Structure formats: C-alpha cells, structure tokens
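Asker: Test case, fold it:
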Amino acid sequence: MADLKQTALYDLHRDLDAKMVSFANYSMPLHYANGIIAEHRHCRSHAGFFDISHMGQCLITVDDAATALEKLLPSIIGTLPSGKQRYTVLTNHEGGIIDDIIVSRLDQDYMLVVNAGCKDKDYAHLQQHLGRHFRSRPDQALFALQGPAAQQVMQQLAPSACRLKFMQLCRTSIHDIPCLISRSGYTGEDGFEISVANESALELAKLILSFEPVQPIGLGARDSLRLEAGLSLYGHELDESISPVEAGLSWVIDKQKRQFLGADIIHRQLQQGAPRKRVGLLIEGKIPVREHSEIHNDSGQKVGYVTSGGFSPTLKQPIALALIDRRFDQQSCYALVRNRQISMRVTTLPFVPHHYHRG
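Answerer: Numbers count the residues shown, from 1 in each chain. Okay, the predicted model is just below:
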C-alpha cells in the first residue's frame, strides 16, 4: 500500500495495531485489535474516535457565495445563519447525485465537507462552476467523536462546543490548538466532528484517546453504525444515476427552487413520483443479504436490489437498505443468496433510533 495516500494519523493507527486497508486511495484503519463488532458496541455505549481525514474539506469564498453555490444544489443555503450546517447534495443535469455533502456557514464564507471517494470529481465540478472562489483545504485533518459519552469528554476539552445543538458549529481551541467543531456525525449518536490543522492532528488525537471512555474505531464499524442509523453511503444508496427523490432525500429539496442542475427532472419526480424508492429491510434468519442481491416479490418478480447489507450488532440480526420499484407496496419479499430464498420484511427507518442533541 506504498502508493496510497496517508492521513496525519497513519503512524498512530499502526501503533494502535490497526488492520489497514485501501479506501478511496487512502490507507485507512478497517478495525483495531478488538474487532468491528466490539468497536460498534463501544461507540453505541461509550465514545468512539474516528479519523475521517480522508474526506475533503473546502471553502467557497466569494461575496455572494450562496448565490453561486445554490446553482449546484437543490437546497436553499442563503438563509443559513453563521454557525449552522446543512446536509444536501450536488446534482447533475440528469437529476442524479454527484455527492452528498455538508455545507457550513462561516460568516460570509461556506465550508463544504465531501466524501473521500468523490473528492476529485467534486473539486473539479466546484472549480468549473466557481472558479477561483473555490479553495480546497488539504492542510486540515478531520476527526469524529461519537457516542453517549462524547459530551462528557468534550466538556473537558472545549466546554463551549457542548453548548452546540445538532448541526451547529463553532471556532474554539483545545489545549491551545485552534479547531472548528460541529455537533454532527455519521453514526446516529450524539457527537462532534473536529477540523484541525494537520500539524496539530497527532497531538489532538492522542489527547482525545487518553480519555477512558474513548476507543479508536475503524471503517468497518463506521459502516455498520451508519447502516443501523439508516444513513446512505455514496456508491451504494447514492450515485449519479439515483435522484435525491429516489434516495429518500426529498426533504433536502426546496420545493420552490428551480434554478439548479437537474431541477426539472427532480421536481417532476416530486410531483409524479420517482421510479424507485429507498427502503429498509429486516432479514429473517442469520444469513446477511449483501449489496447487489436481487429482491423479488411473493410472485417471484424482481422488484429491486439491495444497496447495503450487513449484520446489526444492536438488533442482533441482518439488516439491509434497498432500492425498489415505487409500485411495490407489500411488506414481505425475498432475496436470492447462493440459490436460497432469504425472507425479508420492509421496515421503517432508522433501524436504531437516532440520539442527536437537538436541545
């Protein structure tokens, strides 16, 4: 993996006995010594530390940044107050999703966090439309502290960050290290994401990990945590052929907004219905139903496919997310796994309740 990119914490991950894997052209920890399920459960019960520095951070710096950026998004961000965030998507001309992103208002500027696997194409897209007003921030690392003990730990590091509500952010310092901290995350738990300069990343990571409730968490548990929380993953529930309506993200679309890429197609789907819909599935038995598995109705007709599937340590059973035909209105269906019919039941999302701090 010598040709892969490394985050500022690469050596720390190795020191912590992480199993390193290739992900989005980075060498990243899949799990540490205790394994994925133990890490998953620790985050649900205590606090997990995630290195997510492979994700992209960039700034939009222009006098009328909102107007320029809104041409690329179905959401309104011009009314976003300073210190608040919004989840949204970048769309293409066909109404598909280029990426799902977080937009943060920083006074007159906007900070974007984009997915690691989409970073290059996102940056090219933003550069094309925003020119010199777009600036990437490869000098910044990004961490997540997630779980019911996250506030207890943050109270000792940066008390001002504990006054934030879900999807708010502030500038502060931790032991004289300047940070940008948001109350957000990708696990369904309460928690924080911390943007910090690469040069201070190792010092801050070691400080956070020194707290007894905190353990390092790898990509494996990050995926199972987000799946239980019913959160989409780019390349699975989201891609350039899937619209935000199909992906269950109609709530990010401003119903009056017409000037963005793919607007006609997306608004038509809002009014008339999209061809497909995202659903959650509870799997009967112990055999997981993996990505790309075909879904059939009781008559044997194919009605969709699994986009993400795995074992839920919290529910102690396999679960899945899927895209299915919008006309499918039954509760029961099945997937074919190694020529076996695996019974499944459509369920509401999330699989495990969210615990965001909304105040």
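Asker: Quick check: next helix or strand after the least confident helix or strand in the chain by mean pLDDT?
Answerer: Of all helical and strand segments in the chain, the minimum by mean pLDDT, DSSP states H and E falls on helix 65-70, at a mean of 87. For helix 65-70, the following helix or strand on the C-terminal side (DSSP states H and E) is strand 85-91.
Asker: which helices and strands sit right next to that following strand?
Answerer: Here strand 85-91 touches strand 97-106, going by 3 or more C-beta pairs under 8 Å, 6 or more residues apart in numbering; DSSP states H and E. Where you see a C-beta, it was placed from the backbone N, CA and C, and this is true even at glycine.
Asker: The strand it packs on to strand 85-91, inter-axis angle?
Answerer: 150 degrees (axes from the mean of the first three to the mean of the last three C-alpha atoms, to 10 degrees).
Asker: Please read off the pLDDT at the residue located most distally from the centre of the chain from the model.
Answerer: Counting by C-alpha atoms, centre = their mean, the extreme residue of the chain relative to its mean C-alpha position is residue 299, 35.5 Å from that point. At residue 299, the model reports a pLDDT of 94.
Asker: Also residue 338?
Answerer: Here the pLDDT value assigned to residue 338 is 87.
Asker: for residue 1, same thing?
Answerer: 58.
Asker: which stretches of this structure form helices?
Answerer: 10-15, 36-45, 65-70, 119-130, 150-157, 198-209, 219-228, 263-272 (DSSP state H).
Asker: Now do the buried residues in the fifth one.
Answerer: So that's helix 150-157. 150, 151, 153, 154, 157 (16 or more other C-beta atoms under 10 Å).
Asker: now that helix, how far from the centre of its chain.
Answerer: Distance of helix 150-157 from the chain centroid (C-alpha atoms, centre = their mean, to the nearest Å) equals 22 Å.
Asker: Who are the packing partners of it?
Answerer: Applying 3+ C-beta pairs under 8 Å, 6+ apart, one finds that helix 150-157 contacts strand 47-51, strand 191-197, helix 198-209.
Asker: which of those sits most buried?
Answerer: strand 47-51 (a mean of 26; mean count of other C-beta atoms under 10 Å).
Asker: what residues does that strand touch?
Answerer: Strand 47-51 is contacted from outside by 7, 9, 13, 28-29, 39, 42, 141, 143-150, 152-153, 187, 191, 205, 208-209, 211, 213-217, 221-222, using C-beta atoms under 8 Å, 6 or more residues apart in numbering.
Asker: Please apply the same query to stretch 249-269.
Answerer: By C-beta under 8 Å, 6+ apart, stretch 249-269 touches 70-76, 86-89, 91-96, 100, 232, 243-246, 270.
Asker: Show me which of those are buried.
Answerer: Buried members of these, scored by 16+ other C-beta under 10 Å, are 70, 72-75, 86, 88-89, 91-92, 95-96, 100, 232, 243-246, 270.
Asker: tally of neighbours for residue 3?
Answerer: When neighbours are counted by other C-beta atoms under 10 Å, residue 3 registers 7.
Asker: before we move on, back to that, in the least confident helix or strand of the chain, which residues are buried?
Answerer: Those would be 65, 66, 68, 69, 70, for helix 65-70 by 16+ other C-beta under 10 Å.
Asker: what's the distance between the last one and residue 54?
Answerer: With distances defined as C-beta to C-beta, to the nearest Å, the gap from residue 70 to residue 54 amounts to 27 Å.
Asker: and if you look at the third one?
Answerer: If you measure residue 68 against residue 54 using C-beta to C-beta, the figure is 27 Å.
Asker: Please apply the same query to the second one.
Answerer: Counting by C-beta to C-beta, the separation of residue 66 from residue 54 is 28 Å.
Asker: would TSV of the buried residues of helix 65-70 with distance to residue 356 be doable?
Answerer: Formatted as TSV, those follow (distance: C-beta to C-beta, whole Å):
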residue	distance to residue 356
65	27
66	25
68	30
69	25
70	26
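Asker: show me where the stretch 201-350 of the chain has strands.
Answerer: Applying DSSP state E, counting those that start in this stretch to the stretch 201-350 of the chain gives strands spanning 214-216, 276-283, 294-296, 302-312, 317-325, 332-337, 340-347.
Asker: Quick one: closest of those to residue 127.
Answerer: strand 302-312 (29.6 Å; C-beta to C-beta).
Asker: and of the strands of the stretch 201-350 of the chain, who's closest to residue 167?
Answerer: strand 276-283 (21.5 Å).
Asker: That closest one pairs with which strands, parallel or anti?
Answerer: Note on strand 276-283: by DSSP bridges, its sheet partners are strand 317-325 (antiparallel), strand 340-347 (antiparallel).
Asker: out of these, deepest packed?
Answerer: Per residue and on average, the most neighbours among the strands paired with strand 276-283 fall to strand 317-325, with a mean of 22 (mean count of other C-beta under 10 Å).
Asker: relative to strand 302-312, how tilted is it?
Answerer: 160 degrees.
Asker: average pLDDT for strand 317-325?
Answerer: When pLDDT is averaged over strand 317-325, the result is 98.
Asker: who touches that strand?
Answerer: Outside strand 317-325, the residues that reach it (C-beta under 8 Å, 6+ apart) are 227-228, 230, 232, 236-237, 242, 246, 275-283, 285-289, 293, 295, 303-312, 333, 344, 349, 351.
Asker: can you rerun that using 6 Å?
Answerer: For strand 317-325, contacts defined as C-beta atoms under 6 Å, 6 or more residues apart in numbering pick out 237, 276, 278-279, 281, 283, 288-289, 295, 303-304, 306-309, 311-312, 351.
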